[in-house]
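[1] what would the 3D arrangement of this be:
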Amino acid sequence: MAEQHVVPHNNQWQVKTAGAEKATKTLNTQKEATNYARKIAINQQTEVVIHGRNGRIRDKDSYGNDPCPAKDTKF
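    Here you go, the predicted structure:
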């Protein structure tokens, strides 16, 4: 299963599966897109990669069997 990316697109936000050409869904806010991507990642036990408006990665969350569990405690 491939990770889900939350990326900016024309003043909206898209959820795209890694390697896919088309977006899974386009939403109005980054928060909506992140929540949508999170549901997919939990279901598929993959990772969410959140990009900022500049396209650079600003955060990652893993929902699978990660051999190196996260050390941060933000959630």
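[2] going by C-alpha atoms from here, please, whenever you check contacts or count neighbours.
    Fine.
[3] flag the shaky bits of the protein, pLDDT-wise.
    Filtered on pLDDT under 70, the chain yields the residue ranges 65-75.
[4] for it, what spans make up the strands?
    Taking DSSP state E to define them, one finds strands in the chain at 4-9, 12-17, 25-27, 47-51, 57-62.
[5] tell me which of these sits nearest to Tyr36.
    Each of those was checked against Tyr36 via Cα to Cα, and the shortest separation belongs to strand 12-17, namely 7.6 Å.
[6] what about Arg58, neighbour count?
    Arg58 has 11 neighbouring residues, counting by other Cα atoms under 10 Å.
[7] how about the nearest residue to it, chain neighbours excluded?
    Closest residue in space to Arg58, ignoring its immediate chain neighbours: His51 at 5.3 Å, by Cα to Cα, 6 or more residues apart in numbering.
[8] so that neighbour sits against Asp59, correct?
    Yes. Using Cα atoms under 8 Å as the test, His51 is close enough to Asp59 to be in contact (7.0 Å).
[9] which one of the two has more residues nearby?
    Neighbours per residue, other Cα under 10 Å: of His51 and Asp59, the larger number sits with His51, 19 against 11.
[10] the more buried one and Gln44: what is the separation?
    His51 sits 20 Å away from Gln44, taking Cα to Cα, to the nearest Å as the criterion.
[11] return the residues in contact with the residue nearest to Arg58.
    His5, Val6, Val7, Pro8, Ile57, Arg58, Asp59 (Cα atoms under 8 Å, 6 or more residues apart in numbering).
[12] which two among the residues you listed are spaced furthest apart?
    Distance extremes for these: the farthest pair is Pro8 and Asp59 at 14.0 Å, using Cα to Cα.
[13] picking up where we left off before, just name the most buried of the strands of the chain.
    strand 4-9 (a mean of 25; mean count of other Cα atoms under 10 Å).
[14] send me that strand as CSV with only the CA atoms.
    Listed next in CSV are the C-alpha coordinates belonging to strand 4-9 (Å, rounded to 0.1, in the frame of the first residue of the first chain):
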residue,chain,number,x,y,z
GLN,A,4,-1.2,9.3,1.1
HIS,A,5,0.0,12.9,0.4
VAL,A,6,-1.8,16.1,1.2
VAL,A,7,-0.7,18.7,-1.4
PRO,A,8,-1.7,22.2,-2.4
HIS,A,9,-3.6,22.6,-5.7
